[in-house]
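J.: Let's see this in three dimensions:
(2 chains)
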2 protein chains.
Amino acid sequence: MQGTWRNLLAWLGLPAGRLIPAIIQDAASGMVLMLVDLNQEALELIAATGRVHYYHSARRKVVAKGEASGHFQDVVEIRLNCRGDQLLLKVRPAGGACELGYQSCFFRRLTPEGWATADPKVFDPEAVYPEIAFSH
Amino acid sequence: MQGTWRNLLAWLGLPAGRLIPAIIQDAASGMVLMLVDLNQEALELIAATGRVHYYHSARRKVVAKGEASGHFQDVVEIRLNCRGDQLLLKVRPAGGACELGYQSCFFRRLTPEGWATADPKVFDPEAVYPEIAFSH
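T.: Sure, this is the predicted structure:
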């Protein structure tokens, strides 16, 4: 994997200080896992490691997906939209993407009674993220 | 379909003037088609019609996906992320989503030589959108 995306920054040409949204999709199942923002540092780290990194707006810094959980995501394909301002990253995830214990952050489905959990839990978040206060 | 999403605004509680990003995914194939922003008006129109509407930032107004092309997208499932600030809309599209003639706006794939068209064209954009200048 390493080196595959080394020209990502050159081909993307993201202006300094700008963010580009990136949809993270499971390459095998097609499940949409997350929607994150990337900055230049995150793109550099993706290019260098082949793994998803993103700008964590609440923590105001770039994080490696999986740095706390071990649920890294290897990038297997990078796609760009027609306007050149959005990315789609197809990944091979090492575990559930959502800090609440689900494969995908989009685990709630709208029903006539409101939002209902539609997916099974795939890990115990309190065991995987003991340091995080589950406020959301 | 009509009426299925009538409580969308109540359950989402989007503050006036705010936008929420929405990933549009083909419900059958799992293909990610577009990433758009929704405002309150777009949510109301989705709830009223069962079809994708979104805030078109360049035109500064809400448009119905397919209003020019006939490539409407019927919403078959609505999902919300863990933080409650992003949507995933699974749709049944009546035709290609991208104004450049492709099924998905994410039709370009990063290769060592740069961005390469990775998907076949599914319609002729000049026949479907005669009034649009293809500047992007």
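
J.: switch to C-alpha atoms for all contacts and neighbour counts from now on
T.: Will do.

J.: mind listing the helices for chain A?
T.: Along chain A, counting by DSSP state H, helices occupy A:8-12, A:40-49, A:125-128.

J.: The last one and chain B in contact?
T.: No. Helix A:125-128 is not in contact with chain B by CA under 8 Å from any CA of the partner chain; minimum separation 13.0 Å.

J.: what sits up against that helix?
T.: Among residues not part of helix A:125-128, those counted as contacts by CA atoms under 8 Å, 6 or more residues apart in numbering or on different chains are A:68, A:69, A:99, A:100, A:101.

J.: can you check the second one too?
T.: Residues external to helix A:40-49 that are found in contact with it (CA under 8 Å, 6+ apart): A:1-9, A:14, A:16-19, A:51-55, A:62-63, A:75.

J.: about what we covered before: the helices of chain A into CSV, with extra columns for distance to residue B:44 and mean pLDDT?
T.: Output for those, formatted as CSV (distance: least, CA to CA, whole Å; pLDDT from 0 to 100):
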stretch, distance to residue B:44, mean pLDDT
helix A:8-12, 35, 90
helix A:40-49, 36, 95
helix A:125-128, 35, 91
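
J.: State the number of residues packed around residue A:113.
T.: Neighbour count for residue A:113, taken as other CA atoms under 10 Å in any protein chain shown: 8.

J.: ok, it to residue B:19 distance?
T.: 24 Å (CA to CA, to the nearest Å).

J.: Likewise for residue A:48?
T.: Separation of residue A:48 from residue B:19 (CA to CA): 33 Å.

J.: Could you do residue A:8 as well?
T.: Distance of residue A:8 to residue B:19, given as CA to CA: 29 Å.

J.: okay, these two: which has more neighbours?
T.: Using other CA under 10 Å, the more surrounded residue of residue A:8 and residue B:19 is residue A:8, with 22 against 18.

J.: List the single closest residue to that one in space, sequence neighbours excluded.
T.: Residue nearest to residue A:8 in three dimensions, not counting chain neighbours: residue A:47, with 6.4 Å by CA to CA, 6 or more residues apart in numbering or on different chains.

J.: Could you report the pLDDT at the nearest residue to residue A:22 once chain neighbours are set aside?
T.: Distances taken as CA to CA, 6+ apart place residue A:87 nearest to residue A:22, at 4.5 Å, with adjacent residues excluded. As predicted, residue A:87 sits at a pLDDT of 98.

J.: and residue A:87, how many neighbours?
T.: Residues near residue A:87, counting by other CA under 10 Å, number 24.

J.: Repeat that for residue A:17.
T.: Counted with other CA under 10 Å, the neighbours of residue A:17 add up to 8.

J.: wait, doesn't it sit right on residue A:39?
T.: Yes. Counting by CA atoms under 8 Å, residue A:17 does reach residue A:39; the two are 7.0 Å apart.

J.: residues contacting residue A:69?
T.: A:128, A:129.

J.: can you list the residues of chain A near chain B?
T.: Counting by CA under 8 Å from any CA, the residues of chain A close to chain B are A:4-5, A:7-8, A:11, A:23, A:30-31, A:34-35, A:77-83, A:86-88, A:98, A:100, A:105-110, A:112, A:114-115, A:136.

J.: Out of these, name the ones that lie in strands.
T.: Among the residues of chain A next to chain B, the residues falling in strands (DSSP state E) are A:23, A:34-35, A:77-80, A:87-88, A:108-110, A:114-115.

J.: With distance to residue B:127 added, can I get the residues you listed in a markdown table?
T.: Output for those, formatted as a markdown table (distance: CA to CA, whole Å):
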| residue | distance to residue B:127 |
| --- | --- |
| A:23 | 30 |
| A:34 | 35 |
| A:35 | 33 |
| A:77 | 31 |
| A:78 | 30 |
| A:79 | 26 |
| A:80 | 24 |
| A:87 | 28 |
| A:88 | 28 |
| A:108 | 39 |
| A:109 | 37 |
| A:110 | 37 |
| A:114 | 42 |
| A:115 | 41 |
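
J.: Would you show me how to pick out the buried ones of the residues you listed in ChimeraX?
T.: To isolate the buried ones among these in ChimeraX, judged by 16 or more other CA atoms under 10 Å in any protein chain shown, type:
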select /A:23,34,35,77,78,79,80,87,88,108,109,110,115
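
J.: Since that was my last question, I'll sign off now.
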